[in-house]
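Novice: coordinates only, no sequence provided:
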């Protein structure tokens, strides 16, 4: 069975421990979101699809008046996850809306570009702070792979921070004048 990105995240999270859809979303937000996010709108339909496929099993586990299902991996779900984990990863795909907007802005739209860069810097600083807050917990985990991945995120955000400084510096200088031929 070909797994979607969201299905892979769900199966991986359920490999750690049984969780509700809400708990999966919280776990994603605290761990993989900087490189592989998933929304509630992706998680709940995918949980239903995985359950129909026999890869996860949901059991009612209400909390007070709130309906809730607790999901676990089935034996087949473990096998599919293990097979997916053993496959070579697909090439990375960078989706960065700020870069897309900068790409399409014209030279006479420098003020807009500067505003976007300022917003991107604020977002990058917030993301970097968040990952650095998580780092002590990742260091305490017995398996170092989560810390290794977290450090990749921190390194990428630090590199982005440097690039943003460079880009902002370039946009604050007057545009170069072309010499006539």
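Specialist: Arrived safely. Predicted, not measured: the structure shown is a model, and the values here were computed from it.
Novice: per-residue pLDDT, residue 176?
Specialist: Note for residue 176: predicted pLDDT of 67.
Novice: residue 68 now?
Specialist: Residue 68 is given a pLDDT of 89.
Novice: for it, what are its contacts?
Specialist: Contacts for residue 68 were tallied using C-beta atoms under 8 Å, 6 or more residues apart in numbering; they are 20, 22, 60, 61, 62. C-beta coordinates here come from the backbone N, C-alpha and C atoms, glycine included.
Novice: as CSV, those with pLDDT, distance to residue 47 and secondary structure would be great.
Specialist: CSV is the format used below for those (pLDDT from 0 to 100; distance: C-beta to C-beta, whole Å; DSSP: H, G, I helix; E, B strand; the rest coil):
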residue, pLDDT, distance to residue 47, secondary structure
20, 96, 9, coil
22, 95, 11, helix
60, 90, 14, strand
61, 89, 14, coil
62, 83, 17, coil
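Novice: what subset of those residues is buried?
Specialist: Among the contacts of residue 68, the ones that count as buried by 16 or more other C-beta atoms under 10 Å are residue 20.
Novice: hmm, which two among the contacts of residue 68 are most spread apart?
Specialist: 22 and 60 (14.2 Å; C-beta to C-beta).
Novice: tell me which element residue 9 is part of?
Specialist: Using DSSP states H and E, residue 9 falls within helix 5-16.
Novice: now residue 81
Specialist: Residue-wise, residue 81 maps onto helix 75-86 under DSSP H and E.
Novice: show me what that helix is packed against.
Specialist: helix 5-16 (3 or more C-beta pairs under 8 Å, 6 or more residues apart in numbering; DSSP states H and E).
Novice: how about the strands of this protein, start to end?
Specialist: 56-60, 69-73 (DSSP state E).
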